[in-house]
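In: give me a 3D structure for the following:
(2 chains)
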Amino acid sequence: MADGFVKQLTVFIENRVGTLEEVAKVLKDNEINIYSISLADTSEYGLLRMIVSDPDKGSKVLKENSFSAKATEVVAVRLENKVGTLEHLFNTLSGAGIGIEYMYAMATSKEGAMILKTSDGNKAVEVLKGDGFGLLDEAGMFNL
Amino acid sequence: MIWNETKECMSRDEMTALQSARLVKQVNHVYHNVEFYRKKMQEAGLEPGDIKGLEDIEKLPFTTKADLRDNYPFGLFAVPKSEIVRVHASSGTTGKATVVGYTRRDIDTWAESVARCITMAGLSREDTIQVAYGYGLFTGGLGAHYGAECIGATVVPQSTGNTKKLVTMMCDFGVTGIMCTPSYLLHIAEVIREMGLKDQIKLKSAICGAEPWTEKMRLQIEEELGISAHDIYGLSETMGPGVACDCEYHKGLHVWEDYYLPEIVDKDTFKQLPDGETGELVITNLQKEGMPLIRYRTKDLTSITHEKCECGRTAARISRFKGRTDDMLIIRGVNVFPSQIETALLEAGGVAPQYQIIVDRVNNLDTLEVLVEMEESSFSDEVKEIEALNKRVSHAIQQMIGLAVKVKLVAPKTIERSMGKAVRVIDNRKFD
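Out: Coordinates of the predicted model:
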């Protein structure tokens, strides 16, 4: 995996009662922990995006259970829990002409992280690092 | 009311004699003018002289939709192209259209067929008739239109689409007759109710067809609109709407036997069946010049009776249709084959050719939903990518069948399979 990125597990969620439960059960049965979760919904289906303890294994076991699942790379930016950090993050990205495809938060009591998918991942990593943002890797992620 | 008493009430002897004479003439016509028929007859060891009358018809080979497709576009035309004044086309099983051609006399024959049907429904030159079938390559619109003009009625070529406008004009013009699909008429009835115009409409009669409907639905239409509703049958291959229609007694659809020779054959052995037994309807064009079909297998299942009807007509009657011998669906009057969906999916790419078609009827309008399995490689973590795939697939299907469709993407290998074979079609509409 490229430097500055972490792996996200994405799962296609059909719009019917019980699908999310089935996903959670497959992950539970395979001892995979979920650290952060976000659900994008459309009128017909949902996309469940997660940061988990083992995204590759998660993708494999979900596929074995007839789910569409995929591990893709996203950026996890450390954010201090104080006023203005999010504005600073957006300012850095928009200043470099980078758009955000989607984002969701991963928070703890002291500090959090923003999971980002941008229009240009490599450039995002570069400008964020250049502006003093801390990027999480997989190991760092789980120590938050 | 009877439009053409001579033909509609002809004695059986006279009708048989007329059919025999026309059959002999038609067989000669196609043998000498259509290579396809000549070859087919030669392969069967037949010469035109072997067909001396109706009693010899079983010697002749059948014609199928595949033959129309194989001879696309004009291979089955029996007259020089200069004699053809119009073509119509309908969708074929693999996306290729089947084309039919009409001479000027064919257009008149067709109009006469429909005129008999409209008259049977109690309408005349004093009436104003709205034609609410689609106009275009589909035979519904123009077929109904020419028939209504033939009887001298005032025709409103409404076509389909803007139902409120249709209802407004129905009131303003004092429309007394309507021709459309039965499901559309039920939808129109609903709009009339919503607009609070029920006591302002002057509708007396409806002639509905192009899709299967039940006696229950016919009675529902009659009750809701306070009119008489008639079932008209036809298929573009043998002309269009107007092959048969039911009279005020509603005991089967009278076939215009002087034009369309009906046979009922066993769906497995293809041998002629006696009156009352259910089999596949086979039609021979006795009068058509442009593209006459000999023993065309309609794939529609029905039975026939030659008994004289209480209405006075002797024209044979076929029963309400009991299904089809193939997997063709009729959705909003449009013929749809599941294989067309498969072809569209392969063209669109990004999805497996695994699908499930769900047809339903919501507020009396047919809905079409197609469940499609996403390919693993086209799955994305971005909503817009999946939306784009969905749009591409919907577009491909719509292009293929000419109907709006709702595509629902599902995960790979999730479409129900029974006995190792996917259940391709779930039709939730009730036809019995």
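
In: only C-alpha atoms for contact and neighbour calcs from this point on.
Out: Fine.

In: please name every helix or strand in contact with the lengthiest strand in chain A.
Out: Criterion DSSP state E: the longest strand present in chain A is strand A:69-80. Strand A:69-80 sits against strand A:5-14, helix A:55-64, strand A:111-118, helix A:121-130, with contacts defined as 3 or more C-alpha pairs under 8 Å, 6 or more residues apart in numbering or on different chains; DSSP states H and E.

In: can you add mean neighbour count and give these back as JSON lines?
Out: Listed next are the helices and strands packed on strand A:69-80 as JSON lines, based on neighbours: other C-alpha atoms under 10 Å in any protein chain shown:
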{"stretch": "strand A:5-14", "mean neighbour count": "24"}
{"stretch": "helix A:55-64", "mean neighbour count": "19"}
{"stretch": "strand A:111-118", "mean neighbour count": "20"}
{"stretch": "helix A:121-130", "mean neighbour count": "17"}
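
In: of all these, which lies closest to B:P412?
Out: helix A:55-64 (8.8 Å; C-alpha to C-alpha).

In: quick one: that closest one to chain centroid distance?
Out: A distance of 16 Å separates the centroid of the chain from that of helix A:55-64, by C-alpha atoms, centre = their mean, to the nearest Å.

In: possible to save the helices and strands packed on strand A:69-80 as a markdown table with mean pLDDT and distance to B:R295?
Out: Formatted as a markdown table, those follow (pLDDT from 0 to 100; distance: least, C-alpha to C-alpha, whole Å):
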| stretch | mean pLDDT | distance to B:R295 |
| --- | --- | --- |
| strand A:5-14 | 93 | 49 |
| helix A:55-64 | 95 | 53 |
| strand A:111-118 | 88 | 64 |
| helix A:121-130 | 93 | 66 |
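
In: quick one: closest of these to B:L225.
Out: strand A:5-14 (41.8 Å).

In: ok so, going back, and of the helices and strands packed on strand A:69-80, who's closest to chain B?
Out: Of all those, strand A:5-14 sits nearest to chain B, with 5.7 Å by C-alpha to the nearest C-alpha.

In: what does the closest one contact?
Out: A:19-20, A:44-52, A:55-56, A:58-59, A:67-76, A:125, A:135-138, B:380-381, B:410-411 (C-alpha atoms under 8 Å, 6 or more residues apart in numbering or on different chains).

In: burial measure for the closest residue to chain A within chain B, as a count.
Out: In chain B, the residue that lies nearest chain A is B:A411 (5.2 Å; C-alpha to the nearest C-alpha). When neighbours are counted by other C-alpha atoms under 10 Å in any protein chain shown, B:A411 registers 23.

In: surely it meets A:E64?
Out: No: B:A411 lies out of contact with A:E64 (C-alpha atoms under 8 Å); the separation is 11.7 Å.

In: coming back round to it: okay, the angle between the longest strand of chain A and strand A:111-118?
Out: Going by axes from the mean of the first three to the mean of the last three C-alpha atoms, to 10 degrees, strand A:69-80 is angled at 130 degrees with respect to strand A:111-118.

In: pull up the residues of chain A that are close to chain B.
Out: For chain A, the residues in contact with chain B (C-alpha under 8 Å from any C-alpha of the partner chain) are A:10-12, A:14, A:40, A:44, A:47, A:49, A:66-70, A:72, A:101.

In: give the buried residues for stretch B:142-151.
Out: Across stretch B:142-151, burial judged by 16 or more other C-alpha atoms under 10 Å in any protein chain shown covers B:142-151.

In: correction: stretch B:6-18
Out: For stretch B:6-18, using 16+ other C-alpha under 10 Å, the buried residues are B:7-10, B:15-16, B:18.

In: tabulate the residues you listed (a markdown table), appending secondary structure, distance to chain A and pLDDT.
Out: Formatted as a markdown table, those follow (DSSP: H, G, I helix; E, B strand; the rest coil; distance: C-alpha to the nearest C-alpha, whole Å; pLDDT from 0 to 100):
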| residue | secondary structure | distance to chain A | pLDDT |
| --- | --- | --- | --- |
| B:K7 | helix | 56 | 97 |
| B:E8 | helix | 54 | 97 |
| B:C9 | coil | 57 | 96 |
| B:M10 | coil | 59 | 97 |
| B:M15 | helix | 59 | 97 |
| B:T16 | helix | 59 | 97 |
| B:L18 | helix | 60 | 97 |
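
In: what's the domain layout of chain A?
Out: Per the record, chain A has its domains at A:5-73, A:74-141, by automatic domain parsing.

In: point out the most buried one among these.
Out: domain A:5-73 (a mean of 18; mean count of other C-alpha atoms under 10 Å in any protein chain shown).

In: before we move on, which element is B:K202 in?
Out: Using DSSP states H and E, B:K202 is not contained in any helix or strand.

In: just confirm it contacts B:T176, I think it does.
Out: Yes: B:K202 is within contact range of B:T176, at 5.4 Å (criterion: C-alpha under 8 Å).

In: run a quick neighbour tally on the nearest residue to B:E375 once chain neighbours are set aside.
Out: Spatially, and ignoring its direct neighbours in sequence, B:E375 is nearest to B:V351 (4.7 Å; C-alpha to C-alpha, 6 or more residues apart in numbering or on different chains). Applying other C-alpha under 10 Å, we find 25 residues neighbouring B:V351.

In: for B:V351, what are its contacts?
Out: B:345, B:372-375, B:378.

In: please apply the same query to B:R324.
Out: B:299-301.

In: cool, and B:Q399?
Out: Taking C-alpha under 8 Å, 6+ apart as the test, B:Q399 contacts no residue whatsoever.

In: got it, and B:R12?
Out: B:T314.

In: again with B:A89
Out: B:97-100, B:137-139, B:236.

In: quick check: B:L409 is in a strand.
Out: Yes: assessed with DSSP: H, G, I helix; E, B strand; the rest coil, B:L409 lies in a strand.

In: so what pLDDT did the nearest residue to A:T85 once chain neighbours are set aside get?
Out: Leaving aside its sequence neighbours, A:T85 sits nearest to A:L79 (C-alpha to C-alpha, 6+ apart; 6.4 Å). What the model reports as pLDDT for A:L79 is 89.

In: hang on, A:L79 packs against A:G112?
Out: Yes: counting by C-alpha under 8 Å, A:L79 does reach A:G112; the two are 5.3 Å apart.

In: what residues does chain B put near chain A?
Out: B:376, B:379-383, B:408, B:410-414.
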